[in-house]
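Colleague: I need the structure of the sequence given here:
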Amino acid sequence: MGYIGIDQRVTVVLVYLHDLLSVPISRLICTAISLEHEGFFLVITVMWSFQLWPFQFGKEFRILIPSHGFLHSRSFQRCVTKGREKIHGIFPTCFSFPLHRYLFELSGQEASITTFFLLSLCTVERQLVTSGSSQHNEVSVPALSRPGAASSAASWLYPACLPGDSQHVAAWFERVTALPACQAAAGSILNEKGGKAALRGFVQRQPVPHTQRRDAQPCSQPEENSSEHEMTEEEIQAAEETWRRQVADFPAPAERQHPILPQEGHQNVLITSALPYVNNVPHLGNIIGCVLSADVFARYGRLRGWNVLFVCGTDEYGTATENKAREEGLTPREICDKYHKVHADIYSWFQIDFDYFGRTTTDQQTEIAQDIFWRLHQHGFLVSDMVDQLRCENCERFLADRFVEGVCPHCRYPEARGDQCDKCGRLINAVELKDPQCKVCRQTPVVRSSKHLFLDLPKLESQLDQWLDQSMSSGNWTSNARHITRSWLRDGLKPRCITRDLQWGTPVPHPDFSGKVFYVWFDAPIGYLSITANYTDQWEKWWKNPKQVELYNFMAKDNVPFHSVVFPCSLLGAQDNYTLVNNLIATEYLNYEDTKFSKSRGVGVFGDMAKDTGIPADVWRFYLLYLRPEGQDSAFSWSDMALKNNSELLNNLGNFVNRAGMFVTKFFDGCVPEMVLQQEDLRLLAQVGWELRQYIQLLDRVRIRDALKCILNISRHGNQYIQMNEPWKKIKGGSQDRQRASTVTGVSVNVACLLSAMLQPYMPTVSATICAQLRAPPNCADAMLRGAGAFICTLPCGHRIGTISPLFQKLEADQIEALRKEFGGQQVNALRPCQLLAFLDTPPAPTGSCLCGQGDKVRVLKTQKAEKNVITVEVTKLLELKKQLAVAEGRDPEPVPQKGKKK
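Modeller: Below is the predicted model:
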């Protein structure tokens, strides 16, 4: 075991452990900090299980670590090195402690990074010693003496919702709570006026920490640390019985018939993904946070036999569209038509299988939105008031919230939007921003007053509370969705403005507010209903049918409040039996390398660029889903993408499927051989069947990333099975060895067939390719993925397979390095004119840096002595860029002959 040696006082923090990581609390062993009093300079040392390290920690809290000798444990340093975050004096934290915000707000102080770890309830004189063991599987809790039983004043402070497999954590908290210093500190806090009651109420309002079942953990752990499930004799026997079931006993898959409508007695699942702004080209983070995650779940639901409807579309109203139209010299309608096609083409390339992809600028949108408005007005849930708004005199218009940027009045974040701060998450009125700027022209706007309508959220709060309790207890809400929603309720709901002084939007039908339109966040979620209404005139069977329909919303975390509070309040207030969300699935943010995606700066891969990389769409899907930011922010990395492609896809999954198929082709003339199962084979069947069941359990709970690891675990088991049995050698031996080679080959090719079924939601093209190569029966996926999951023999003896070919290609280091440079900044102008022509028909003028980049490319090719035709192509591009730049700058595009130079 490796401990951290710290020769100083250690402050032990007792907190309500809030499980944002979606991992069992038992894997968090201890958190300790050392605190230098002067200047609140913090030194933090965190001890936890190494199993957490493949996750990327930290969102907004980064605590400094001095480099002068606080970290003495080599094992801990190696643990840190395994994570993607580099230290360099900064250690990222991974927790969000509700008590932190509570204690400092209670005292009237402002919570910040420097106050984050001042939540110390006791100080213990303790020196942790470094043990000499070289085992790095887990960091253990140092032994703390227990002087006596904990008093009731402090014992309830530690987490009461610990899962059953974490008795050692509960015991540690109990021992620390019993220390005299802790008792004194806790007593001083709780004895403050109203302190205990307020703290208890605050903690009770927090989301219950999400726990995992023990049987699901191997899929969520990193492969190198996952403990293999030990098969029991009962499991092995059950696996053998399942294997012998006939695929012909299962019905053929039913083809989708449109329109899809709810059916009595079926599991009717309605899936939406957050509507993307029409004027923005989606980047990889947008794609994984919304449409790709929803697509995986929709595909999975169809395989499970659910009656699934998956709808999405472009959000087309608002100031953003007006400004984009002005920039490009088009009307808002023309901009919407143009960019709607851009979005549709991108999602088509990524193989997003919508049942219907629509838009919000329709007659149905106006009709449904105005109907909900009048119902809210009729039931007294709308109020009017004068509103101070920011108006840009330079742009001659009122500014939508997202077109104002300034300093957050709460946390001082310098890039807060006019509606919400991305850092502290608080709602903001645009006029509250410090030093506001118009994001279009960067001028300082002025304050003007206007009369607007508000949704009376406080009047709806009791209904919302009751509905949230029911939905969160019975449905599947991600931990961040629960936390964000509860934080809104904790701060108290306030009336929310639903109108804006704009022209491009759904018109407000009230005569006293003519000339105004609905605010986009009142209007946009209604787009789910109107898009469905454009799909079928029987849309109410989905959206006014809460008893028969289960609704899943997919989005990034910044959209949560509008889907969990504002939109449900609109539908509750309308009192028209609307279907409300049962399962709210929100991701954290996906960053790009060590920064954010930025179209203007040319940083990151956007949807319209991915296909130009030469990397197949399925590989993009795999990698984005592999690092899906489920519990914390994650970061796209070119080197990591190459690593995952080459190790997991090429060497693991692709290698297994290819070997299994090639053995059938090479040794058995393309026919699946006879299989005489031995105990080793049955054990593999049981292990694979167990992983299949975990896959189903995880995807049923929308644990998309963890379920993907189950697929890779199966192919890993298959590779080990082949390697241990060596059928390529046994086929050359005696009859017993040849029989063994026959069995191993037949079992392996059936495992490959199972993998094709499990891959279908994640990598549909690869799945279809495997099915075609194996000539798998069309109902094999349905047969194995229904119910609890059944690994059956879908390719019996005598089944003839097709031609086997490699599924994946290696991503070379030089290819990846070139892509990293291409998408590291300024590539929008440098390398995208032809690509933008194809999508937007409006190529930008090249810049000087563009010429430098192309010139460098030509020089590198010449240095490497590349083929002459390759160099000629790039030189032609360089000359063309020079001409375009000359035209843009008003110069003669033809080169001026140099005097005195011989020809």
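Colleague: buried stuff in the longest helix seen in the chain?
Modeller: Longest helix in the chain, counting residues (DSSP state H): helix 735-759. Residues of helix 735-759 classed as buried: 737-759 (neighbour count, 16 or more other CB atoms under 10 Å). For glycine as for every other residue, the C-beta is placed from the backbone atoms N, C-alpha and C.
Colleague: Which elements pack onto it?
Modeller: helix 655-668, helix 679-700, helix 704-725, helix 727-730, helix 764-774, helix 780-785 (3 or more CB pairs under 8 Å, 6 or more residues apart in numbering; DSSP states H and E).
Colleague: For the stretch 601-750 of the chain, give me the ranges with low pLDDT.
Modeller: Scanning the stretch 601-750 of the chain for pLDDT under 70 picks out the ranges 601-602.
Colleague: again, 50 this time
Modeller: Counting by pLDDT under 50, the stretch 601-750 of the chain contains no low-confidence range.
Colleague: what does the stretch 51-200 of the chain give?
Modeller: Using pLDDT under 50, the flagged stretches of the stretch 51-200 of the chain are 51-170, 172-173, 189, 192, 194-200.
Colleague: I'd say Leu684 and Tyr721 touch.
Modeller: Yes. Between Leu684 and Tyr721 a contact is recorded at 5.3 Å, counting by CB atoms under 8 Å.
Colleague: Neighbour count for the two, which is higher?
Modeller: The neighbour count for Leu684 versus Tyr721, taken as other CB atoms under 10 Å, is higher for Leu684 (25 against 22).
Colleague: For the more buried one, which residues are in contact?
Modeller: Applying CB atoms under 8 Å, 6 or more residues apart in numbering to Leu684 gives the contacts His717, Gly718, Tyr721, Val747, Val751.
Colleague: rewinding a little: Throw the helices and strands packed on helix 735-759 into TSV and include distance to Gly313, thanks.
Modeller: What follows is these, written out as TSV (distance: least, CB to CB, whole Å):
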stretch	distance to Gly313
helix 655-668	37
helix 679-700	25
helix 704-725	22
helix 727-730	51
helix 764-774	21
helix 780-785	29
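Colleague: looking at those helices, which is closest to Trp467?
Modeller: Closest to Trp467 of the helices and strands packed on helix 735-759, according to CB to CB: helix 679-700, at 23.1 Å.
Colleague: Now for Leu684 and Tyr721: what residues contact both?
Modeller: In contact with both Leu684 and Tyr721: Val747, using CB under 8 Å, 6+ apart.
Colleague: count of neighbours near Lys857?
Modeller: Lys857, neighbours per other CB under 10 Å, totals 20.
Colleague: any chance you could map the strands in the stretch 351-500 of the chain?
Modeller: In the stretch 351-500 of the chain, the strands defined using DSSP state E, counting those that start in this stretch lie at 356-359, 382-392, 397-398, 404-407, 416-417, 434-438, 446-455, 496-497, 499-500.
Colleague: Quick one: closest of those to Val702.
Modeller: So among these, strand 356-359 is nearest, using CB to CB, at 21.3 Å.
Colleague: Pull up the pairing partners for the closest one, direction included.
Modeller: On the basis of DSSP bridges, the sheet neighbours of strand 356-359 come out as strand 307-314 (parallel).
Colleague: Can I get the strand it pairs with in PDB? Just the C-alpha atoms.
Modeller: Taking C-alpha atoms only, strand 307-314 is exported to PDB below (Å, rounded to 0.1, in the frame of the first residue of the first chain):
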ATOM      1  CA  ASN A 307     -41.700   0.900 -29.400                       C
ATOM      2  CA  VAL A 308     -39.300   3.900 -29.800                       C
ATOM      3  CA  LEU A 309     -39.800   7.300 -31.400                       C
ATOM      4  CA  PHE A 310     -36.700   9.400 -31.700                       C
ATOM      5  CA  VAL A 311     -37.200  13.100 -32.700                       C
ATOM      6  CA  CYS A 312     -35.000  16.100 -32.900                       C
ATOM      7  CA  GLY A 313     -34.600  19.200 -35.000                       C
ATOM      8  CA  THR A 314     -33.000  22.600 -35.300                       C
END
